[in-house]
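Visitor: A predicted structure for the sequence below; I have some questions about it.
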Amino acid sequence: MQAFGEYSSSFTVNCETGMLDYSIHNSGFSIFEGSELVLTPGKNSFSHASEAMIRLIITDLQLSGNSFSGKLTSSLLFSFLRDMLTEDADPFLTLWNNQIACDPFVNIKVSGKPSSVSFLPDDPLFGFSFNTLGGLLSAINNYTSEVISEASFDEGDMHPFPTLLKISYDGLSSGQKAAMQALSGLHKSGIVLPLLLVSDELTSVEYVNGLIALKLAEKEIFPSLLSDVAVVQTWLEILLQKKGREEDLSSLIARGEGDSIEFKSTLRWDIRAGKTSQSIERACLKTISAFLNSAGGNLLIGVRDDGSIEGLATDKFPNEDKFLLHLWTLIRTCLGRDFSTYIRTRIEKIDEKNVCIVSCSPSNRPVFLRQPGFEEEMYIRIGPSSNAISISEGLRYISDRFGKN
């Protein structure tokens, strides 16, 4: 079991040609080199439900090749997460007590004075360090108050701050833990600063200034440190965006159809006619395009109008991957590849049947439905339905909805 520093020092991904692409694989997106899956050092695939995440990793791999030279990248973070962080084995926990003992902010909080930090009046950074430390301590105290109000633990003679840090760490997502360990391992920044950064309690500049004020880094490498933090924040932003969009399937069904939820029994199968139909496909595409043009929403495929479960088996695809491949082909062909980043798909099981959830975020530009065999149209949500609008209505809507983009 390796800590982040040990893992990153030996990190290599075998990408010889640089000709990388991605496609739907196992209900998510995976990176391929030709016909072969690209694997992490631990032989795990680069697979994720977020297409934006996979694009980010491909860019890293294409730019860096086999040589990372200790540079923090999204592909390194992703690989560490897949290879090293599991429910039963977190390498950071084996180093926890040592990190607690060495962290300057733990010492300051427990002792009540900045005894672990050397400030000399003749130091040219004295004023900077003094002000930075004061601001960070204020942020730490505010965060401590929040955690105390939410945490439940026994009072004792020991100072509660180290216990609160452990409670906070345990409450992080696996992605946040990977990011925190990356910063701590590469910057030797301990626990407190990276914990507050990934918890969105510090800005990137506050974090880097803290490293310099505590003499954990030199001011000359400020841009390099800021670059590392930018990688972490971009990576977390994509992970947290996905998390924020997902809602439990049963909760979505219970809410019923409305301006942001629509049910469709099938993707392509006309139940009455007993055959596939482009008109059935168009009904799903109308909904997706309308959500993109409006405030977003969720299309549930495999759910009847009354909320009962039809399931994906009715569409007669040989497996879930084929279903998703067909759905994404329709989206890219009829709506455009550029809008893929606003759409997420996942398959969940309910009542022993599979349902596909198509989650749509509002697009930053108008979406037109261009399906072969049909006229080009623009759809928006009006109440619980998707409606085509005329050219004049469309011009006004585009000006009002997208005019500032």
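Guide: Great, that's in hand.
Visitor: downstream of the host helix or strand of residue 233, the next helix or strand is which one?
Guide: Per DSSP states H and E: residue 233 is located in helix 222-245. The C-terminal neighbour of helix 222-245 among helices and strands, as given by DSSP H and E, is helix 249-255.
Visitor: which residues does that next one contact?
Guide: With CB atoms under 8 Å, 6 or more residues apart in numbering as the test, helix 249-255 has contacts from 261, 263, 298, 300, 303, 307, 348, 350, 355, 357. Every residue, glycine included, has its C-beta placed from N, CA and C.
Visitor: residue ranges for the helices of the stretch 151-300 of the chain, please.
Guide: 161-170, 174-187, 192-198, 204-213, 222-245, 249-255, 278-293 (DSSP state H, counting those that start in this stretch).
Visitor: if we can go back for a sec, okay, the contacts of helix 249-255 in a markdown table with neighbour count, pLDDT and distance to residue 104 next?
Guide: Formatted as a markdown table, the contacts of helix 249-255 follow (neighbours: other CB atoms under 10 Å; pLDDT from 0 to 100; distance: CB to CB, whole Å):
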| residue | neighbour count | pLDDT | distance to residue 104 |
| --- | --- | --- | --- |
| 261 | 19 | 95 | 50 |
| 263 | 23 | 97 | 56 |
| 298 | 21 | 95 | 47 |
| 300 | 23 | 97 | 51 |
| 303 | 26 | 96 | 55 |
| 307 | 14 | 94 | 56 |
| 348 | 17 | 87 | 46 |
| 350 | 15 | 87 | 51 |
| 355 | 22 | 94 | 51 |
| 357 | 21 | 93 | 46 |
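Visitor: make CSV from those residues and add distance to residue 289 to it.
Guide: Below are those laid out as CSV (distance: CB to CB, whole Å):
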residue, distance to residue 289
261, 16
263, 17
298, 14
300, 16
303, 19
307, 24
348, 23
350, 26
355, 21
357, 17
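Visitor: out of those, the closest to residue 40 would be?
Guide: Checking the contacts of helix 249-255 against residue 40 with CB to CB, the nearest one is residue 348 at 26.3 Å.
Visitor: pretty sure that closest one is in a helix, no?
Guide: No: using DSSP: H, G, I helix; E, B strand; the rest coil, the secondary structure at residue 348 is strand, not a helix.
Visitor: residue 358 is in contact with that one, correct?
Guide: No: counting by CB atoms under 8 Å, residue 348 stays clear of residue 358, with 12.0 Å between them.
Visitor: grab the most central residue of the chain for me.
Guide: residue 239 (1.0 Å; CA atoms, centre = their mean).
Visitor: circling back: redo the helices of the stretch 151-300 of the chain as CSV? Include distance to residue 107.
Guide: Formatted as CSV, the helices of the stretch 151-300 of the chain follow (distance: least, CB to CB, whole Å):
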stretch, distance to residue 107
helix 161-170, 10
helix 174-187, 16
helix 192-198, 10
helix 204-213, 14
helix 222-245, 22
helix 249-255, 45
helix 278-293, 52
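Visitor: winner for burial among those?
Guide: Counting by mean count of other CB atoms under 10 Å, helix 192-198 has the highest mean neighbour count of these, with a mean of 25.
Visitor: which neighbouring elements make contact with it?
Guide: When contacts are defined as 3 or more CB pairs under 8 Å, 6 or more residues apart in numbering; DSSP states H and E, helix 192-198 sits against helix 104-111, helix 126-150, helix 161-170, helix 174-187, helix 204-213, helix 222-245.
Visitor: just put these in CSV and tack on distance to residue 52 and mean pLDDT.
Guide: Supplementary listing: these in CSV, determined by distance: least, CB to CB, whole Å; pLDDT from 0 to 100:
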stretch, distance to residue 52, mean pLDDT
helix 104-111, 34, 83
helix 126-150, 29, 81
helix 161-170, 27, 89
helix 174-187, 14, 92
helix 204-213, 20, 93
helix 222-245, 5, 81
